[in-house]
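Peer 1: Here is the input, now give the coordinates:
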Amino acid sequence: MASSDRYEDVVRTRNAEKFAEFDRGKKSVWSRFHDALHSTPALVPLIVLLAACIIFGLVLGSKFFSPFALTLILQQVQIVGVLAAAQALIILTAGIDLSVGAIAVLCSVIMGQVSFRYGVPAGLAVPIGLACGTAIGAANGWLVSRLRLPPFIVTLGMWQIVLAVNYLYSANETIRAQDIETSAPFLQFLGTKFTLGGAVFTLGVVLMLLVVLVLAYVLRSTAWGRHVYAVGDDPEAAQLAGVDRHKTLMSVYMVVGFICGLAGWVMIGRFGSVSPSATTGVIGNIQAITAVVIGGISLFGGRGSIVGAFFGALIVGVFELGLRMAGADPQWTYLLIGVLIIAAVTVDQWIRKVTA
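Peer 2: Below you'll find the predicted structure:
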């Protein structure tokens with residue numbers, strides 16, 4: 001009798017496997033495409049990016065694919081790309097950070113003022129700026145994780161505080177590029193240019209790529225990365241599984257603050273000067289969120305990739321350059337980016353649905 005029971009169990013198991021194979025085999029192409037998008041969130045922005053490049057290439061010809069155009073796109077998105085990587089980490093935890101742009105500007109101001117006002121060598125001024133960004137991130141993280149305040153409210157308030165501190169500390173003083181080049185050239189280090197295949201790049205672009213690649217690896221291949229996704233997907237289930245929500249959120253916000261400091265250093269290299277009134281402090285947040293949303297990272301948390309956010313930043317850069325080269329009204333850029341944002345959220349909702 002026992003052998004008969006075991007035989008029936010084996011038969012049932014084999015029948016179940018055959019049924020599963022049959023069920024997978026009868027899936028439509030559309031369903032398989034849905035599954036591919038669900039398993040690889042960065043696929044959507046990659047498709048949009050390639051389509052945009054093809055369309056602008058057909059309209060503008062070979063000049064769109066010239067080394068000059070490639071250089072211009074990467075130069076334009078290097079700051080937004082770094083900020084988007086920071087914003088992506090927060091959104092993966094189902095939060096949002098409205099202060100990333102302001103933190104970046106304040107870190108750049110601290111690097112400049114510490115060097116010029118107090119005579120600190122630029123090689124030490126940069127780590128001081130990075131430490132300040134990390135400290136601000138820690139403050140955000142503590143308020144969100146320990147006091148359980150909404151990230152939107154915390155970072156909205158921190159955005160105002162950082163902007164005020166930025167102007168008060170700097171006395172609205174701009175440090176000119178010529179002065180930096182003469183007295184503290186290391187502050188402009190990430191603006192160093194080099195040529196590759198006829199295209200001119202800067203070390204700021206290299207840093208952006210390194211940030212994206214390192215974060216992509218860490219999120220995909222480490223326990224910390226899995227904890228970030230778990231907290232964003234379902235914090236209660238993550239806590240029951242042994243994930244320390246407080247430590248995870250604290251570490252995320254501190255890493256984000258550090259990356260914002262790097263973005264501030266990239267800003268100095270990009271513009272050459274240090275200005276407390278840099279527009280990144282106001283619109284950097286919106287640009288970063290735009291890149292993240294277009295990049296396929298779910299605003300509900302727990303789904304998406306840093307690479308997708310990078311593709312989102314490139315999409316914005318391609319649209320801006322392509323429309324400018326075509327002589328179109330700049331307002332068309334805002335219109336198309338707005339359409340892409342709504343489309344990206346719509347696609348995210350569709351992907352999240354369970355395939356029947």
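
Peer 1: can we go C-alpha only for contacts and neighbour counts from here?
Peer 2: OK.

Peer 1: Do me a favour and get the backbone dihedrals for residue 242.
Peer 2: phi 100, psi 10 (degrees, to the nearest 10).

Peer 1: That one - how many residues pack around it?
Peer 2: Residue 242 has 9 neighbours, counted by other C-alpha atoms under 10 Å.

Peer 1: cool, and residue 63?
Peer 2: 13.

Peer 1: Check which helix or strand the residue nearest to it when sequence neighbours are not counted maps to.
Peer 2: Distances taken as C-alpha to C-alpha, 6 or more residues apart in numbering place residue 69 nearest to residue 63, at 7.3 Å, with adjacent residues excluded. Assigned by DSSP states H and E, residue 69 falls within helix 67-92.

Peer 1: which element follows that helix toward the C-terminus?
Peer 2: Per DSSP H and E, the first helix or strand lying C-terminal to helix 67-92 is helix 100-117.

Peer 1: I'd like to know which elements that next one is packed against.
Peer 2: helix 67-92, helix 122-145, helix 151-170, helix 245-271, helix 280-294 (3 or more C-alpha pairs under 8 Å, 6 or more residues apart in numbering; DSSP states H and E).

Peer 1: Does residue 51 belong to a helix, a strand or coil?
Peer 2: Local secondary structure at residue 51 is given as helix here, using DSSP: H, G, I helix; E, B strand; the rest coil.

Peer 1: I'd like to know how far it sits from residue 97.
Peer 2: Look at residue 51 and residue 97: by C-alpha to C-alpha, to the nearest Å, they are 30 Å apart.

Peer 1: of the two, who's got more company?
Peer 2: Neighbours per residue, other C-alpha under 10 Å: of residue 51 and residue 97, the larger number sits with residue 97, 27 against 13.

Peer 1: Can you verify my assumption that that one contacts residue 152?
Peer 2: Yes - between residue 97 and residue 152 there is a contact at 6.5 Å, judged by C-alpha atoms under 8 Å.

Peer 1: what ranges of the stretch 1-150 of the chain fall below the confidence cut-off?
Peer 2: Applying pLDDT under 70 to the stretch 1-150 of the chain flags the ranges 1-27, 30, 33-38.

Peer 1: And for the stretch 251-356 of the chain?
Peer 2: If you take pLDDT under 70 as the line, the stretch 251-356 of the chain has these spans: 352-356.

Peer 1: Spatially nearest residue to residue 220 (excluding sequence neighbours)?
Peer 2: Among residues not flanking residue 220 along the chain, residue 226 sits closest, at 7.2 Å (C-alpha to C-alpha, 6+ apart).

Peer 1: Count the residues that sit near the one you found.
Peer 2: 17.

Peer 1: Who are the contact partners of residue 301?
Peer 2: 91, 92, 93, 94, 95, 229, 232, 233 (C-alpha atoms under 8 Å, 6 or more residues apart in numbering).

Peer 1: Look up how far residue 87 lies from it.
Peer 2: 12 Å.

Peer 1: ditto for residue 117
Peer 2: For residue 117 relative to residue 87 (C-alpha to C-alpha), the value is 31 Å.

Peer 1: ok, residues contacting the helix or strand containing the residue nearest to residue 220?
Peer 2: Using DSSP H and E, the element containing residue 226 is helix 223-233. Around helix 223-233, the neighbours that count as contacts under C-alpha under 8 Å, 6+ apart are 89, 91-95, 218-220, 237-239, 243, 245, 248-249, 252, 300-303.

Peer 1: list the buried ones in the next helix or strand after it?
Peer 2: Counting by DSSP H and E, the next helix or strand C-terminal to helix 223-233 is helix 235-240. Within helix 235-240, the residues scored as buried using 16 or more other C-alpha atoms under 10 Å are 235, 238.

Peer 1: now the nearest residue to residue 64 once chain neighbours are set aside: how far from residue 80?
Peer 2: Nearest residue to residue 64, sequence neighbours excluded (C-alpha to C-alpha, 6+ apart): residue 57, at 5.7 Å. In this view, residue 57 and residue 80 are 24 Å apart by C-alpha to C-alpha.

Peer 1: how many neighbours does residue 260 have?
Peer 2: Neighbour tally, residue 260, other C-alpha under 10 Å: 36.

Peer 1: Contact partners for it?
Peer 2: 82, 83, 86, 100, 101, 103, 104, 107, 130, 133.

Peer 1: Could you point out which of the residues you listed is nearest to residue 290?
Peer 2: Taking C-alpha to C-alpha as the measure, residue 290 lies nearest residue 83 of the contacts of residue 260, at 10.9 Å.
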